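**Q** using only what follows, build the 3D model:
(one chain, ligands or ions: 1)
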Amino acid sequence: MEFAERLKKLGIENAFNVLGKVLKLREQGKDVISFCIGEPDFDTPENIKKAAIEALNNNMTHYGPSGGLPVFKRTIAQYISKTRKINVGEENVCISAGAKAIIYYTIHSLLNPGDEAIYPNPGYPTYESVINFVEGKAIPLPLLESKEFSFDVNTLMKLITEKTKLIIINTPQNPTGGFLSKKDLQAIADIAIKNNIFVLSDEIYSRILYEGEFNSIVSIPGMLERTILVDGFSKTYAMTGWRLGFGVANKELIQELTNLENNCVACTTTFNQFAGIEALTGPQDSVIEMVKKYRERRDLIVDLLNSIRGISCLKPKGSFYVFPNVTQACRNLGLKDADELQDYLLNNYGVAVLARTSFGKKNKDEAEEYIRISYATSKDNIREGLKRIKQALEK
Ligand code: PLP
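**A** Here you go, the predicted structure:
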């Protein structure tokens with residue numbers, strides 16, 4: 001069958017492929033510990049579920065305006081104004097079915113064929129995939145273990161050309177757990193302002209931070225009009241399946257995102273939006289409790305990983321991922337790379353992790369091997385999974 005040529009340019013989030021393999025193995029009766037998918041193992045807090053049920057009972061089951069209900073947009077504008085120390089209103093907000101949709105709409109709104117967009121590598125795979133899909137040029141910005149998975153400013157400067165339209169950043173970061181300091185953000189802002197470039201700031205993990213204060217590039221003077229802040233409810237409030245996210249940007253760009261939303265899904269599920277209002281305005285204890293648990297798990301998993309021969313692992317400041325260096329482990333086992341290690345661990349030891357290549361092709365001169373482990377799972381799973389990895393690597 002012949003499909004449109006452009007489909008060949010679209011990538012895929014490999015975590016879902018590996019999850020498919022995990023489910024298949026489990027169906028065959030195999031006991032598999034999965035660290036592959038990036039989603040909270042907690043249930044959505046009760047007060048949020050109740051708000052959705054109430055909205056359903058009140059028949060909030062009709063179409064709503066594209067871009068979101070005004071009352072929810074105002075709630076988001078207030079939340080972002082307060083947490084990012086800026087002043088935005090409902091005209092600066094577009095609500096969508098997940099943060100992922102805002103990434104898709106933004107790239108479609110800003111890039112013409114041949115325009116360049118810089119994205120973090122390793123990074124969330126959707127960025128590169130959608131840049132390619134719109135026939136933009138995807139320019140990887142290497143994230144470096146030696147800089148705790150931040151980037152080198154000189155390298156970023158060298159990547160800028162007159163075709164650069166967009167820089168994508170993500171802090172705290174998937175897959176490395178890295179975190180951009182105020183200094184890093186200032187450096188990016190200086191470059192963006194000087195060269196008239198937009199910044200898509202993916203802040204979906206902003207509340208899952210263990211040390212220091214979260215800083216957003218949008219708070220830097222001169223950045224409000226050129227930043228598209230992307231955030232959502234999936235991670236902070238354990239609401240992945242609800243599909244609820246949003247973008248905050250200048251009102252002209254928001255109009256374009258809303259237009260794409262209008263053409264694509266018309267509007268975000270109406271009763272979900274009432275759950276979102278409760279999430280942002282109701283008690284925040286469950287978020288604090290979840291982050292406390294993630295922190296304990298992070299400490300546990302980093303210690304366990306560093307006790308395994310051939311692995312070294314930095315302690316990430318945010319998100320719920322670790323990105324251990326497994327170069328030596330691969331060599332010890334005679335494996336070519338982390339992809340082979342991923343298969344080896346899944347097929348022989350029933351542990352699902354993701355190889356570095358699930359987050360983009362290796363950068364030029366990148367010699368090390370890495371895997372991503374999501375520790376959004378119980379401590380018992382972490383202990384059992386890490387016991388198996390130790391057995392595999394130290395046999
Ligand atoms: N951005 C990053 C960095 C992510 O890791 C994810 C999900 O894994 C998303 C965006 C998408 O979030 P949502 O569930 O709101 O679409």
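**Q** okay, CA-based contacts and neighbour counts for the rest of this
**A** OK.
**Q** so for P40, what's the pLDDT?
**A** Looking at P40, its pLDDT is 95.
**Q** alpha carbons only: can I get the helix or strand containing I80 in CSV?
**A** Using DSSP states H and E, I80 sits within helix 70-84. Extracted as CSV, the C-alpha positions of helix 70-84 are listed here (Å, rounded to 0.1, in the frame of the first residue of the first chain):
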residue,chain,number,x,y,z
PRO,A,70,-11.8,30.0,29.9
VAL,A,71,-12.1,29.2,33.6
PHE,A,72,-9.4,26.5,33.3
LYS,A,73,-7.2,28.8,31.1
ARG,A,74,-7.4,31.5,33.8
THR,A,75,-6.5,28.9,36.5
ILE,A,76,-3.4,27.9,34.5
ALA,A,77,-2.5,31.5,33.8
GLN,A,78,-2.6,32.3,37.5
TYR,A,79,-0.6,29.2,38.4
ILE,A,80,2.1,29.9,35.8
SER,A,81,2.2,33.7,36.7
LYS,A,82,2.8,32.7,40.3
THR,A,83,5.3,29.8,39.9
ARG,A,84,7.3,31.4,37.0
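**Q** other SSEs contacting the helix or strand following it?
**A** Toward the C-terminus, helix 70-84 is succeeded by strand 93-96 as the next helix or strand (DSSP H and E). Strand 93-96 sits against helix 70-84, strand 245-248, helix 251-264, with contacts defined as 3 or more Cα pairs under 8 Å, 6 or more residues apart in numbering; DSSP states H and E.
**Q** name the residues that touch the shortest one?
**A** Strand 245-248 is touched from outside by 77, 92-102, 228-234, 254, with contacts defined as Cα atoms under 8 Å, 6 or more residues apart in numbering.
**Q** could you do the longest one as well?
**A** Under the criterion Cα under 8 Å, 6+ apart, residues 86-95, 215-216, 218-219, 248, 273-274, 276-277, 280-281 lie in contact with helix 70-84.
**Q** which residues in the protein form helices?
**A** Shown for the chain, the helices assigned by DSSP state H span residues 14-27, 46-57, 70-84, 99-110, 126-133, 153-159, 182-195, 251-264, 270-281, 285-306, 327-333, 338-349, 379-394.
**Q** quick one: mean pLDDT over the last one.
**A** Averaging pLDDT along helix 379-394 yields 97.
**Q** enumerate the residues of the stretch 151-300 of the chain near the ligand.
**A** Counting by Cα under 6 Å from any ligand atom, the stretch 151-300 of the chain comes close to the ligand at N174, D202, I204, G232, S234, T240, L244, G245.
**Q** quick check: the first one vs T377, distance?
**A** Meaning N174. To T377, N174 is 16 Å away according to Cα to Cα, to the nearest Å.
**Q** more neighbours, the two?
**A** With neighbours defined as other Cα atoms under 10 Å, N174 and T377 compare such that N174 has more, 27 against 21.
**Q** just to revisit the earlier point, for F320, find the nearest of the helices of the chain.
**A** Among the helices of the chain, helix 285-306 comes nearest to F320, with 6.6 Å by Cα to Cα.
**Q** what angle separates that closest one from helix 270-281?
**A** Going by axes from the mean of the first three to the mean of the last three Cα atoms, to 10 degrees, helix 285-306 is angled at 80 degrees with respect to helix 270-281.
**Q** which residue is the nearest non-sequential neighbour of P142?
**A** Distances taken as Cα to Cα, 6 or more residues apart in numbering place N121 nearest to P142, at 5.1 Å, with adjacent residues excluded.
**Q** tell me the contacts of that neighbour?
**A** Taking Cα under 8 Å, 6+ apart, we find N121 in contact with P140, L141, P142, L143, F359, G360, K361, K362, N363.
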